[in-house]
Structures are given as C-alpha cells and as structure tokens.
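*Asks:* compute the structure for the input listed below.
(one chain, ligands or ions: 2)
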Amino acid sequence: MNDTDKEIERLRKQLSQLEKMSGLGYLSAGIAHEIQNPLNFVINFSKLSGKLLKDMAEILQDVLISLPDETRDDLQDILKDLQGNMQKIEENGSRASNIVKGILLYSRGREDEFIPTNLCQLVKEYVWLSYHAARANNKSFNVTIQEDYDEHMPLIKVIPQDFSRAVLNLMNNACYAVNAREKCASEELYSPTIKVSLKQKDANIVLIIEDNGGGISDEVKEHLFTPFFTTKPIGEGTGLGLSITKGIIEQKHNGTIKVESMANRFTRFIITIPIQ
Ligand SMILES: Nc1ncnc2c1ncn2[C@@H]1O[C@H](COP(=O)(O)OP(=O)(O)OP(=O)(O)O)[C@@H](O)[C@H]1O
Ligand SMILES: [Mg+2]
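*Replies:* Ligands and ions are numbered 1, 2, ... in the order given. This is a model prediction of the structure:
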C-alpha cells in the first residue's frame with residue numbers, strides 16, 4: 001500500500017467509526033426517552049408512598065401509645081426506615097431523571113438557540129458525566145477532579161447542548177490523557193488530576209480545563225483543531241472532538257479557545273466567551 005492508500009484506508013475506518021457513533025447518539029436519544037417514563041413512575045410513586053407513610057404515622061400515633069414499649073419502638077424504627085428509604089428512592093430517581101434529560105438535550109436540543117443558562121451547573125454535570133463514562137469503560141480508571149466555580153455567576157446565554165458538547169469533548173480528552181499517562185506506569189508517584197475552573201472575568205466567561213497527562217508536542221499542536229486529526233488508535237478517537245469544539249466556541253459563541261501545554265506537566269484548554 002502506498003501512502004495515499006494508507007491515508008484513504010485510515011479515513012475510511014474513521015468514517016465508519018463516526019457512523020457507528022452517530023447511530024449510537026440516535027439510539028441513546030430513544031433509550032433516554034423510554035427510560036424517562038418508568039423513571040416518572042418511580043419518582044411519583046415514591047413521593048406518593050412517602051405521603052402515605054406520613055399519614056400512617058399520624059394515625060398510628062394514638063395506637064402506638066397503647067402498645068408495649070418494645071413493640072412500639074420496633075414499629076417506630078421500621079416506620080422511620082421506610083420513610084428514609086422512600087426519600088432515597090425519590091432523590092435518586094430524580095437524579096437519574098436529570099441525567100436522562102441532559103442526554104435528551106444533548107442529542108436533540110433545538111438548533112442554535114441561545115438560552116440563559118446556569119453555566120456552573122451545566123459544566124459540573126458534564127464534567128462528571130465524562131468522568132463516569134470513563135470509569136464505566138475502564139474500571140481501573142481514576143482521577144482527582146478539582147473544581148473551582150464562581151457560584152455567583154448570573155445566567156449566561158449559551159446554546160446549552162453545544163456548550164455541553166464542548167465541555168464533554170475537552171473532559172474526554174483530559175481523562176484520556178491522564179489515563180494514558182497512568183497506564184505507562186513508569187512513574188510511581190503520578191497522581192492523575194484534572195482541574196476545572198469557571199469564572200467571570202469582566203465581560204467574559206473563562207472556562208479552564210487542565211490535566212496533568214503527557215502533554216501535547218509542538219508537532220501535534222499544529223494539527224490539534226484539524227478535523228479527523230487524531231493520535232489515538234482506531235476505535236478510540238475520530239479526531240473530531242477539538243475541531244467541533246472550536247467551531248462551537250468560535251463560530252457559534254464568538255469566543256476563543258487556546259491551548260497551553262508542557263510535556264509531562266500539564267495541558268490547559270482555555271475557553272473565553274463574551275457575555276451577551
Ligand atoms: N488533553 C490532551 N492531552 C494530550 N493530548 C491531547 C489532549 N487533547 C487533545 N489531544 C491531542 O489532540 C488530538 C485531537 O483531539 P480531538 O479531541 O480533536 O480528537 P480525539 O480525541 O483524537 O478523537 P475524538 O475526540 O473525536 O474522539 C488527540 O488525538 C490528542 O493527540
Ligand atoms: Mg477528543
């Protein structure tokens with residue numbers, strides 16, 4: 001095979017990988033939608049059961065007085081446990097429901113609509129979604145995530161499903177980088193860390209995602225935002241993440257994306273978008 005043939009073959013494989021992923025995105029929207037219905041049942045019935053338990057506790061109060069001490073204590077303990085369990089079911093059902101809603105928004109949010117958004121919440125959600133995805137794919141993966149958010153930030157107008165995609169892309173790269181360095185395992189003292197910071201600076205929002213993975217060489221840096229440029233093996237990267245992210249930040253949000261990196265020290269992506 002000559003070089004052109006090899007290049008064509010590589011692009012063909014990447015395209016097929018991409019096709020698989022877009023199919024997966026389509027499917028996950030359907031799955032998310034279908035999961036939302038049973039989740040609503042879980043949440044509503046646990047709420048209802050919580051109320052019923054409260055009613056029952058009130059009714060039982062009069063009855064309990066007439067019972068022997070030990071039986072009364074047992075009954076009260078059981079009642080308390082049941083109420084606690086019900087609350088946990090409701091809380092975790094709601095959590096799952098928020099994740100599902102996030103996936104739905106991600107895969108089929110209305111195109112190019114700017115919505116006033118709690119950016120801290122959005123960033124946080126996708127930071128942890130990326131972390132859990134990495135964990136689910138690789139049980140031995142671990143990383144310390146240090147978050148620094150300006151919680152008093154006003155609502156910021158962004159295209160939420162696009163901005164979250166940018167966060168996810170950068171986080172996925174960061175997770176991959178720290179994991180790759182950890183796998184080399186030549187350094188015993190290496191502690192994989194990702195730092196996320198979101199701050200308002202004058203009329204801009206600045207998001208920084210920094211990892212302490214292997215870093216980016218100058219040679220790679222040149223092609224970083226080129227579509228289909230990847231250093232990852234087939235199946236692990238399509239090379240689209242950063243070119244899509246750049247488009248989202250620069251074209252859609254009028255912002256900038258910059259990268260700073262030092263070999264085996266850090267890689268820092270800095271996103272700045274003007275507040276509208
Ligand atoms: N945090 C990082 N640390 C080290 N290298 C990075 C980092 N982020 C990106 N890169 C380099 O830039 C290349 C391009 O990144 P990009 O996100 O565009 O594609 P990808 O991650 O390879 O694939 P995809 O994101 O489409 O799954 C990567 O293959 C990697 O070599
Ligand atoms: Mg990527």
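
*Asks:* contacts, neighbours, all on C-alpha from now
*Replies:* Noted.

*Asks:* quick check: pLDDT value at the residue in the stretch 51-200 of the chain positioned nearest to ligand 1.
*Replies:* In the stretch 51-200 of the chain, the residue that lies nearest ligand 1 is Ala174 (4.1 Å; CA to the nearest ligand atom). Looking at Ala174, its pLDDT reads 98.

*Asks:* can you count the residues close to it?
*Replies:* 29 (other CA atoms under 10 Å).

*Asks:* for it, helix, strand, or coil?
*Replies:* Ala174 falls in the helix class when you classify it by DSSP: H, G, I helix; E, B strand; the rest coil.

*Asks:* how much space separates the closest residue in space to it that isn't next to it in sequence from ligand 1?
*Replies:* Of all residues not flanking Ala174 in the chain, Asp211 sits nearest, at 5.5 Å (CA to CA, 6 or more residues apart in numbering). Asp211 sits 6 Å away from ligand 1 when distances are taken as CA to the nearest ligand atom, to the nearest Å.

*Asks:* surely Asp211 meets Asn179?
*Replies:* No. Contact criterion CA atoms under 8 Å: Asp211 and Asn179 do not qualify, at 10.4 Å.

*Asks:* who in the stretch 101-250 of the chain is up against ligand 1?
*Replies:* When proximity is defined as CA under 6 Å from any ligand atom, the stretch 101-250 of the chain approaches ligand 1 at 169, 173-174, 177, 213, 215-216, 224-225, 229-232, 237-243.

*Asks:* related to what we said a few turns ago, higher neighbour count, Asp211 and Asn179?
*Replies:* Legend: neighbour count by other CA under 10 Å for Asp211 and Asn179, higher for Asp211 (29 against 23).

*Asks:* in the sheet, who's paired with that one?
*Replies:* Ile194, Thr267 (DSSP bridges).

*Asks:* returning to that earlier point: overlap of the contact sets of Asp211 and Asn179?
*Replies:* With contacts taken as CA atoms under 8 Å, 6 or more residues apart in numbering, Asp211 and Asn179 have Pro192 as neighbours in common.

*Asks:* what residues does the residue of the stretch 1-150 of the chain found nearest ligand 1 make contact with?
*Replies:* Here the residue of the stretch 1-150 of the chain nearest ligand 1 is Leu18; by CA to the nearest ligand atom that distance is 8.4 Å. By CA under 8 Å, 6+ apart, Leu18 lies in contact with Thr238.

*Asks:* can you say which of the residues of the stretch 101-250 of the chain next to ligand 1 are buried?
*Replies:* Applying 16 or more other CA atoms under 10 Å to those, the neighbour count classes 169, 173-174, 177, 213, 215-216, 224-225, 229-230, 237-243 as buried.

*Asks:* that older thread, let me see the confidence value for the residue nearest to Ala174.
*Replies:* 98.

*Asks:* roughly how far does it sit from ligand 2?
*Replies:* With distances taken as CA to the ion, to the nearest Å, Asp211 is found 13 Å from ligand 2.

*Asks:* so where does Gln36 fall, helix or strand?
*Replies:* helix 3-65 (DSSP states H and E).
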